[in-house]
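A.B. asks: Show me how the following folds:
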Amino acid sequence: PAAYGSTFTVAPTASSGLTVTVTPSGGCTIASGTVTMTSGTVDCVLTASQAGDASYTAAPNVVHTVVAALRPASVTPDAASKAFGAADPTLTGTLSGFLAGDNVTATYARAAGEAVGSYTISATLAAAGGPGVLANYSITSNTATFTIGRAAQTISFAAPASPAAYGSTFTVAPTASSGL
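C.D. replies: I've put the predicted structure just below:
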């Protein structure tokens, strides 16, 4: 099998020494003897032919089928975190194994929730050529953890009038930055 996007060379010969032509069909192309797999799902059929000349009859065509294989690729979100009550950071990650020309992109999102704890980050993939492009890949979709940690808080209050006389009363009104 040959994976989507892979290349290999072919150099058929004829017993006559005459030039052999190779014609591709299915999931491949050929240029200057180099075959490029253009599909991970459609097999490549290569037909070698030689028309003969004044001294030699045409050779029988030879057909070889190269089985198409999916190209391995993966998407891995980066772990991220924030403090309770803060805005979410921009989520990022890494794509690997995808062909540059397929313009595969990922949108990263996390499970909903704002309570302190852990949430799963996952990715949704898109390709400029449409969803059919992704069918050429065997994609490993990894996840990461988004952590919401407890927020720091401070307590403040106005100092009571000083000096205070023995037995006198006064009011203190402390406040917490968290509003608790």
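
A.B. asks: Alpha carbons only: can I get the longest strand anywhere in the chain in CSV?
C.D. replies: If you go by DSSP state E, the chain has its longest strand at strand 117-127. The C-alpha coordinates for strand 117-127 follow below in CSV (Å, rounded to 0.1, in the frame of the first residue of the first chain):
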residue,chain,number,x,y,z
GLY,A,117,-12.2,22.0,38.2
SER,A,118,-11.0,20.2,35.1
TYR,A,119,-12.5,20.3,31.6
THR,A,120,-11.6,18.5,28.4
ILE,A,121,-10.2,20.4,25.5
SER,A,122,-10.9,18.9,22.0
ALA,A,123,-10.4,20.0,18.4
THR,A,124,-12.6,20.2,15.3
LEU,A,125,-10.8,20.0,12.0
ALA,A,126,-11.5,21.6,8.7
ALA,A,127,-9.8,21.6,5.3
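
A.B. asks: So which bits of it are buried?
C.D. replies: By neighbour count on 16 or more other C-beta atoms under 10 Å, the buried set for strand 117-127 is 119, 121, 122, 123, 125, 127. Every residue, glycine included, has its C-beta placed from N, CA and C.

A.B. asks: Between the residues you listed, which sits nearest residue 147?
C.D. replies: residue 119 (7.7 Å; C-beta to C-beta).

A.B. asks: In this structure that closest one contacts residue 111, no?
C.D. replies: Yes: assessed by C-beta atoms under 8 Å, residue 119 is found in contact with residue 111 at 4.3 Å.

A.B. asks: Overlap in contacts, the two.
C.D. replies: Common contacts of residue 119 and residue 111 (C-beta atoms under 8 Å, 6 or more residues apart in numbering): residue 146.

A.B. asks: Which strands border the helix or strand where residue 48 lies, and is each parallel or antiparallel?
C.D. replies: Using DSSP states H and E, residue 48 sits in strand 44-50. Using DSSP bridges, the strands paired with strand 44-50 are strand 21-26 (antiparallel), strand 59-66 (antiparallel).

A.B. asks: Can you give the distance from that strand to the centre of its chain?
C.D. replies: Centre-to-centre, strand 44-50 and its host chain are 35 Å apart (C-alpha atoms, centre = their mean, to the nearest Å).
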